[in-house]
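Participant: mind folding the following:
(one chain, ligands or ions: 2)
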Amino acid sequence: MSLALAFRDVGKRFGETRVLEAFDLEVPSGEKLAIIGPSGSGKSTVLRIAMALEGIDTGRVELMGETLWEGTRRPPERELRRLRLQAGMVFQHFNLFPHMSVLENIWRAPVDVAGIGREEAETRARELLSRVGLAERAEAMPDQLSGGQKQRVAIARALAMRPPVMLFDEVTSALDPEMVGEVLGVLRDLADQGGITMLLVTHEMQFAAEIADRVVFMDGGRVVEDGPPSQVIGAPVEPRTRAFLASVLRGADVRAD
Ligand SMILES: Nc1ncnc2c1ncn2[C@@H]1O[C@H](COP(=O)(O)OP(=O)(O)OP(=O)(O)O)[C@@H](O)[C@H]1O
Ligand SMILES: [Mg+2]
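Facilitator: Ligands and ions are numbered 1, 2, ... in the order given. Alright, predicted model coming up:
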């Protein structure tokens, strides 16, 4: 089994705040992993470290079989740029380039960063746009799109670099409820196609249970419970997981009222 990502005994602090402590996580290639947990538990930090947007203090992080972080050692900038191509990330707030058309948002990085020819990059960008159901909006500007459409473009843009690992940080939580479904649908298609390793931080428990091979519940910068969705979401063993799920479900009930 080859690993796409491995965190080994990782410690990370921001000033006085310990954000990750003795954090261990192995993600096999091709796995769809959901990460759940309360606000402040360190979920985004895990993704940001994997994306090389953030370093660590102790321990080691490996991405696609290569060392990304080891203690406070920082790889040379060239090395970091190369390693960053192994992962793509989509954030809660779709930060599309506002002055570029939808299509250019998608082909720009493959041309500028990966050195792919403009024509080929555009062809691929159009393919990706149809995959996310937006073939007819290629020439639109980002501010002409709905939130759900922008987020689907952001997913296509990350996929355009063909990273083996994709990281999704609460990509539906800034959306109006009626747009959540279309974005989850794109993620579901992506998961169904297989091949790509996906880490999804999400508050959508039902969705996580449906598409994830495995669910990790984090609290206080550690993995508290780790197992198949049927366990971690369906029948959690750890009291802290149970308390978290109960509070999430109560939240859902309140919103439904
Ligand atoms: N750049 C930063 N500087 C200082 N503290 C930070 C920084 N980034 C995160 N933190 C702190 O680290 C802890 C973990 O943050 P993180 O964003 O990883 O949590 P999270 O699980 O993603 O939470 P949420 O569900 O609210 O997104 C929090 O206490 C947060 O305040
Ligand atoms: Mg977060």
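
Participant: please count neighbours and contacts with C-alpha atoms only from this point.
Facilitator: Will do.

Participant: near ligand 1, which residues of the protein are found?
Facilitator: Residues of the chain found near ligand 1 (C-alpha under 6 Å from any ligand atom) are 14, 19, 38, 39, 40, 41, 42, 43, 44, 45.

Participant: would you mind checking these for buried ones?
Facilitator: 19, 38, 41, 42, 43, 44, 45 (16 or more other C-alpha atoms under 10 Å).

Participant: which of the helices or strands spans the first one?
Facilitator: Yep, that's residue 19 we're talking about. In this structure, residue 19 is located in strand 17-28 according to DSSP states H and E.

Participant: wait, residue 230 sits on residue 208?
Facilitator: No: if you go by C-alpha atoms under 8 Å, residue 230 and residue 208 don't touch, sitting 10.5 Å apart.

Participant: those two - which one has more neighbours?
Facilitator: Between residue 230 and residue 208, counting by other C-alpha atoms under 10 Å, residue 208 is the more crowded of the two (23 against 14).

Participant: which one is that one nearest to, not counting chain neighbours?
Facilitator: In this structure, residue 208 finds its nearest non-sequential neighbour in residue 34, 6.0 Å apart by C-alpha to C-alpha, 6 or more residues apart in numbering.

Participant: contacts for the helix or strand encompassing the one you found next, please.
Facilitator: Using DSSP H and E, residue 34 sits within strand 32-36. Identification of contacts with strand 32-36 by C-alpha atoms under 8 Å, 6 or more residues apart in numbering yields 27, 43, 191, 197-203, 208, 211-218.

Participant: same question, stretch 61-70
Facilitator: Under C-alpha under 8 Å, 6+ apart, the answer for stretch 61-70 is 2-8, 10, 50, 52, 55-56, 58-60, 75, 80, 83, 86.

Participant: hang on, the earlier thing: and the residue nearest to residue 208, how far from residue 169?
Facilitator: Going from residue 34 to residue 169 by C-alpha to C-alpha, to the nearest Å gives 10 Å.

Participant: more crowded one of these two?
Facilitator: More crowded of residue 34 and residue 169, by other C-alpha under 10 Å: residue 34, with 27 against 21.

Participant: just the CA atoms of the helix or strand hosting residue 78, as CSV, please.
Facilitator: Using DSSP H and E, residue 78 sits in helix 77-84. Extracted C-alpha coordinates of helix 77-84, given in CSV (Å, rounded to 0.1, in the frame of the first residue of the first chain):
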residue,chain,number,x,y,z
GLU,A,77,11.7,27.3,-2.2
ARG,A,78,12.2,25.4,-5.5
GLU,A,79,11.6,22.1,-3.7
LEU,A,80,8.5,23.5,-2.0
ARG,A,81,7.1,24.7,-5.3
ARG,A,82,7.6,21.2,-6.8
LEU,A,83,6.1,19.5,-3.8
ARG,A,84,3.1,21.9,-3.9
